[in-house]
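**Q** okay, here's the prediction I keep looking at, along with the sequence it came from:
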Amino acid sequence: MKSIHRRAFIGSTAAAAASTFAFLKPSRSCAAEEQPKTPPFCVNHDLHTHTLYSDGAHPIPLHILEARAFELEAIAITDHYTPGSKLAASDNEFERYLAEIERERSGQQDVIVLKGAEATVLDATGRISIDAAHAARLEWVLCDLGGQSEGTLKHTPPDKMKYAENVIRSYLGLCDVPYLNAIAHPFNTGNTTPALMPEDYPEPLLRELAAKMAATGKVFDVMNDTIFWFSRSGIAPRALTRQYVEIVKLFAAQKVRFQVSSDDHRTGLGNTRWSQLVLQRAAVPPEQIVDAKKIKLLRT
Ligand SMILES: [Zn+2]
């Protein structure tokens, strides 16, 4: 038998893996050779971040400078577009925001910077806080459940099953919004009374939602600091991770696509360690991860 030099063999294996997942730019530290059954990928985007235009920590120029320094492939700047927020309250502010992103991103080629916003669900029919005209100016539109989401995080039903149904109905409604790209940190329902854990959602409802998200191309945002949304529930962090992995597995099996994000203002731009751990444990195939290079940019 022909002997293969060990270094050469490792090198060729790594090269094969790198070419298979080339678009995900795996790094050496993410190769996960010790876990051969998990996909050896390292997603290098952060598609949900905030700046001083809402509750982020930094102005847009520093934000982009950091993304370049961290050698991220792509970021989406997704400041809040909710009733009463700066961007929703003033078209001048909205225009200033878009112009500033355009100016700052065009001065460099290190990182793709997407013009985005994070809208919020208004009620359990999935009504959303941004209209088509404003969304048309953006390249990446998220929507979350938040404190203004009637019937879920606002005026939470005392009955857990009713609550779960309202959450799913809200998300099913979002699937009908043609200009929406991604649902931000889905199932962030742990800090309400009652609290809903990932395992509390009835599987048939999850399957119905997953099928509709897949059919309408809505992306599932695996946000790094999901524990924040369960911090008052008392759930052990690793129990939450296990439960969330099961949800992600179910959505992945229905061919839903995923993105990772820091929701920066919480755990720092580009910090998607937990998100990637969840995707790996759920064995999400790389082709079901959003490729930011394929998102169309609107030049002004
Ligand atoms: Zn956010």
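**A** Received, thanks.
**Q** any idea how far the ion is from residue 216?
**A** 22 Å (CB to the ion, to the nearest Å). Yep, even glycine has a C-beta here, placed from its N, CA and C like the rest.
**Q** what's the per-residue pLDDT of the residue nearest to that residue when sequence neighbours are not counted here?
**A** Leaving aside its sequence neighbours, residue 216 sits nearest to residue 175 (CB to CB, 6 or more residues apart in numbering; 4.4 Å). The score at residue 175 is 97. That number is its pLDDT.
**Q** and residue 175, how many residues sit next to it?
**A** Look at residue 175: counted by other CB atoms under 10 Å, it has 19 neighbours.
**Q** thought it was touching residue 213?
**A** Yes - counting by CB atoms under 8 Å, residue 175 touches residue 213, with 5.9 Å between them.
**Q** how about the residues of this protein by the ion?
**A** Residues of the chain found near the ion (CB under 5 Å from the ion) are 118, 263.
**Q** all helices of the chain, in order?
**A** All helices of the chain, identified by DSSP state H, fall at 6-20, 60-69, 86-89, 91-106, 132-135, 160-175, 203-216, 237-253, 273-281.
**Q** and the residue of the stretch 151-300 of the chain found nearest the ion, how far is that from residue 99?
**A** Nearest residue of the stretch 151-300 of the chain to the ion, counting by CB to the ion: residue 263, 4.3 Å away. Using CB to CB, to the nearest Å, we find residue 263 at a distance of 24 Å from residue 99.
**Q** swap in residue 106?
**A** As for residue 106, its distance to residue 99 is 11 Å (criterion: CB to CB).
**Q** list the contacts of the residue of the stretch 151-300 of the chain closest to the ion.
**A** Residues in contact with residue 263 (CB atoms under 8 Å, 6 or more residues apart in numbering) are 48, 49, 50, 184, 185, 223, 224, 225.
**Q** just the ones of the residues you listed in strands?
**A** Counting by DSSP state E, these place 48, 49, 223 in strands.
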